[in-house]
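*Asks:* Could you work out the structure for the sequence below:
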Amino acid sequence: MAIAFKLPRLMSPFYLFIIICTLIPIGYQAGDYYFTWVEKIKTNYVFGERDFYILGACIAPSVLGHIATIWGHYYRAEREFQHSIAKVTTPASVNQKISLWERHIWWGYTVKYWIMVAFTVLLNVAWFVTPMVTGTARMIERFGNLGGISRMVGNASGYCVVACCGMILFLVLRRSMLHAIGFTYSEIVPLHRWLGAAIVGWSTIHTAGYMIFLGSEGRLQSDINFFDKSRGTLNMMGVFAYGAVCLLGLGAIPQIRRRCYLLFLSTHRFFTAVFFIGMITHFPNPMLWYYLLPTIILFLVDRFVPKIMQSRTILPEATCSFNSDADIIRLTFTSPEPMKPYYPGDYISVQIPKIGTVYHPFTIASYWPEDPYTMTLYIRTFEDSRLSWTCNLAKLCGNEDKRIRVKANVDGVFGH
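*Replies:* Numbering: from 1, shown residues only. A predicted model of the protein is given here:
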């Protein structure tokens with residue numbers, strides 16, 4: 001296949017707008033440490049100058065980009081339908097041109113993925129180098145070489161932890177600006193995992209740096225305890241946060257995650273909450289909310305709003321039938337009113353309360369313009385283990401002649 005060194009779809013006004021809305025917050029985050037902690041913009045603790053910077057350079061572009069993404073999903077239906085249909089119905093050709101943006105290079109990942117990785121690495125480098133350059137000399141003057149350098153290493157790596165936490169939840173949104181410019185959820189999740197590994201690494205460096213600093217000053221016992229009402233107790237909360245993030249990293253190891261997925265899911269959520277609470281109480285600076293609150297709100301909206309919307313449109317049950325000859329389950333959802341438009345390749349997550357609490361993603365097989373009141377899934381069991389989710393669903397289903405209704409909850413639609 002020929003490689004086209006151009007980005008045809010990304011040059012449209014819509015995609016350029018989304019790219020600009022994405023790059024503005026990234027640019028601001030790159031210089032955030034200097035503006036906030038070196039220049040020390042006035043009125044850090046009340047609404048004032050820095051809030052206008054945040055509103056203009058972070059919140060406004062993010063909100064506009066997300067609104068444009070939602071508009072692009074729901075209201076550009078006809079053009080998206082034609083583009084999606086062309087992608088899934090046109091056979092591949094040796095002369096077919098693949099844009100550089102979509103080209104797969106190292107380890108099976110695309111150029112766009114590696115560009116995003118490069119941005120993330122450069123941001124982490126900037127977040128660490130800026131504090132080291134601006135503050136190390138001053139700290140050496142106050143605490144000597146060992147104490148000054150170790151304190152600044154702890155300070156810089158701690159800032160990296162906070163800044164990474166401001167990004168990591170954004171990377172697991174099922175619909176975000178990144179999806180509007182061509183990324184898919186499965187392409188972004190690996191970066192979420194690597195950023196999680198970076199948080200574990202930065203947290204370890206932060207802990208080691210401050211332990212060395214406190215040891216060199218003879219303050220290790222006095223500054224890490226539950227006996228005082230200030231720094232010692234706050235540092236103990238940091239110890240709990242570090243323990244939680246280490247357990248998060250341990251549970252996310254692929255071999256453990258795949259073998260014990262339900263355990264991974266529950267502990268991942270629990271220890272994430274413990275880590276965030278521990279981090280906030282370890283460093284209860286009002287500025288911390290500038291990094292954490294926007295991404296936490298976006299994550300909660302992404303997780304709960306689709307469920308609320310679908311619970312009001314799609315009936316909480318589905319018609320289920322199992323064709324044992326073809327080894328295929330047919331699951332059909334209905335709605336008393338037209339559903340939101342969905343496109344070829346989109347997917348929903350389905351929960352069957354009788355089987356378990358976990359939502360499982362499946363690609364939508366039906367075509368919205370033909371019948372906007374129904375949504376159909378075809379699920380292969382592949383002769384899985386008798387304990388598998390799909391086999392348990394097959395046991396609940398009737399045959400093609402006698403379909404059974406089962407209680408089911410839907411989360412989605414996701415994809416474009």
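
*Asks:* Quickly list what residue 347 is bridged to.
*Replies:* Judged by DSSP bridges, the bridge partners of residue 347 are residue 363, residue 414.

*Asks:* Tell me, how many residues neighbour it?
*Replies:* Counted with other C-beta atoms under 10 Å, residues neighbouring residue 347 total 17. (C-beta placed from N, C-alpha, C; glycine too.)

*Asks:* what does residue 215 give?
*Replies:* When neighbours are counted by other C-beta under 10 Å, residue 215 comes out with 14.

*Asks:* Domains in this protein, by residue range?
*Replies:* Domain ranges of the chain: 2-223+283-303, 314-414, per automatic domain parsing.

*Asks:* what's the spacing between the first one and its chain's center?
*Replies:* Put plainly, it is domain 2-223+283-303. In terms of C-alpha atoms, centre = their mean, to the nearest Å, the centre of domain 2-223+283-303 is set 11 Å apart from its chain centre.

*Asks:* What's the mean pLDDT across that domain?
*Replies:* Here domain 2-223+283-303 scores 77 as its mean pLDDT.

*Asks:* before we move on, back to that, minimum distance to residue 260: which of the domains of the chain has it?
*Replies:* Closest approach to residue 260 among those is made by domain 314-414 (12.6 Å; C-beta to C-beta).

*Asks:* What residues does residue 114 make contact with?
*Replies:* 105, 106 (C-beta atoms under 8 Å, 6 or more residues apart in numbering).

*Asks:* Wait, a helix at it?
*Replies:* Yes - applying DSSP: H, G, I helix; E, B strand; the rest coil, one finds residue 114 inside a helix.

*Asks:* any idea how far residue 30 is from it?
*Replies:* Per C-beta to C-beta, to the nearest Å, residue 114 is found 19 Å from residue 30.

*Asks:* repeat for residue 181
*Replies:* Distance from residue 181 to residue 30, by C-beta to C-beta: 19 Å.

*Asks:* What number of residues are in the vicinity of residue 295?
*Replies:* 18.

*Asks:* Who are the packing partners of the host helix or strand of it?
*Replies:* Assessed by DSSP states H and E, residue 295 sits inside helix 288-313. Helices and strands touching helix 288-313, as assessed by 3 or more C-beta pairs under 8 Å, 6 or more residues apart in numbering; DSSP states H and E, comprise helix 60-75, helix 111-168, helix 261-282, strand 409-414.

*Asks:* Can you check which of these gets nearest to residue 323?
*Replies:* Using C-beta to C-beta, the nearest of the helices and strands packed on helix 288-313 to residue 323 is strand 409-414, at 22.3 Å.

*Asks:* ok, residue 57 - contacts?
*Replies:* Residue 57 neighbours (C-beta under 8 Å, 6+ apart): 24, 25, 27, 28.

*Asks:* Please apply the same query to residue 353.
*Replies:* Contacts of residue 353 (C-beta under 8 Å, 6+ apart): 407, 408, 409.

*Asks:* Need those residues in JSON lines (columns: neighbour count).
*Replies:* As requested, the contacts of residue 353 are arranged in JSON lines below (neighbours: other C-beta atoms under 10 Å):
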{"residue": "407", "neighbour count": "12"}
{"residue": "408", "neighbour count": "21"}
{"residue": "409", "neighbour count": "18"}
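
*Asks:* If we only consider those residues, which is nearest to residue 266?
*Replies:* Among the contacts of residue 353, residue 409 lies closest to residue 266 (C-beta to C-beta), at 18.1 Å.

*Asks:* With adjacent residues omitted, what lies nearest to that closest one?
*Replies:* residue 351 (4.4 Å; C-beta to C-beta, 6 or more residues apart in numbering).

*Asks:* that older thread, residue 181 and residue 30 - which one has more neighbours?
*Replies:* The neighbour count for residue 181 versus residue 30, taken as other C-beta under 10 Å, is higher for residue 181 (22 against 17).

*Asks:* For that one, which non-adjacent residue is spatially closest?
*Replies:* Closest to residue 181 by C-beta to C-beta, 6+ apart is residue 18, at 5.2 Å.

*Asks:* returning to what we had before: how about the helix holding residue 295: buried residues?
*Replies:* 288, 290, 291, 292, 294, 295, 298, 302, 306, 307, 310 (16 or more other C-beta atoms under 10 Å).

*Asks:* Quick check: which of the helices and strands packed on helix 288-313 is buried the most?
*Replies:* Mean neighbours per residue, mean count of other C-beta atoms under 10 Å, is largest over those for strand 409-414, with a mean of 22.

*Asks:* Check the gap between residue 256 and residue 359 for me.
*Replies:* 21 Å.

*Asks:* and what of residue 31?
*Replies:* Residue 31 is 39 Å from residue 359, by C-beta to C-beta.

*Asks:* now swap in residue 151 and tell me
*Replies:* Residue 151 is 45 Å from residue 359, by C-beta to C-beta.

*Asks:* for residue 318, same thing?
*Replies:* 14 Å.

*Asks:* cool, and residue 249?
*Replies:* 24 Å.

*Asks:* and what of residue 202?
*Replies:* 31 Å.

*Asks:* quick one: secondary structure of residue 332?
*Replies:* Of the three states, residue 332 takes strand under three-state DSSP.

*Asks:* Where does residue 192 sit, in terms of helix or strand?
*Replies:* helix 185-216.

*Asks:* what angle do that helix and strand 409-414 make?
*Replies:* 100 degrees (axes from the mean of the first three to the mean of the last three C-alpha atoms, to 10 degrees).

*Asks:* So which bits of helix 185-216 are buried?
*Replies:* Buried residues in helix 185-216 (16+ other C-beta under 10 Å): 185, 187-188, 191-193, 195-196, 198-207, 209-210, 212-214, 216.

*Asks:* Which elements pack onto it?
*Replies:* Taking 3+ C-beta pairs under 8 Å, 6+ apart as the contact cut, helix 185-216 packs with helix 111-168, helix 220-223, helix 231-251.

*Asks:* coming back round to it: can you say which of the helices and strands packed on helix 288-313 is nearest to residue 322?
*Replies:* strand 409-414 (19.6 Å).

*Asks:* what's the spacing between the closest one and its chain's center?
*Replies:* Distance, centroid of strand 409-414 to centroid of chain: 17 Å (C-alpha atoms, centre = their mean).

*Asks:* which residues touch that strand?
*Replies:* Outside strand 409-414, the residues that touch it by C-beta under 8 Å, 6+ apart are 174-175, 185, 306-307, 310-311, 314, 316, 333, 340, 342, 346-351, 353, 359, 361, 364.
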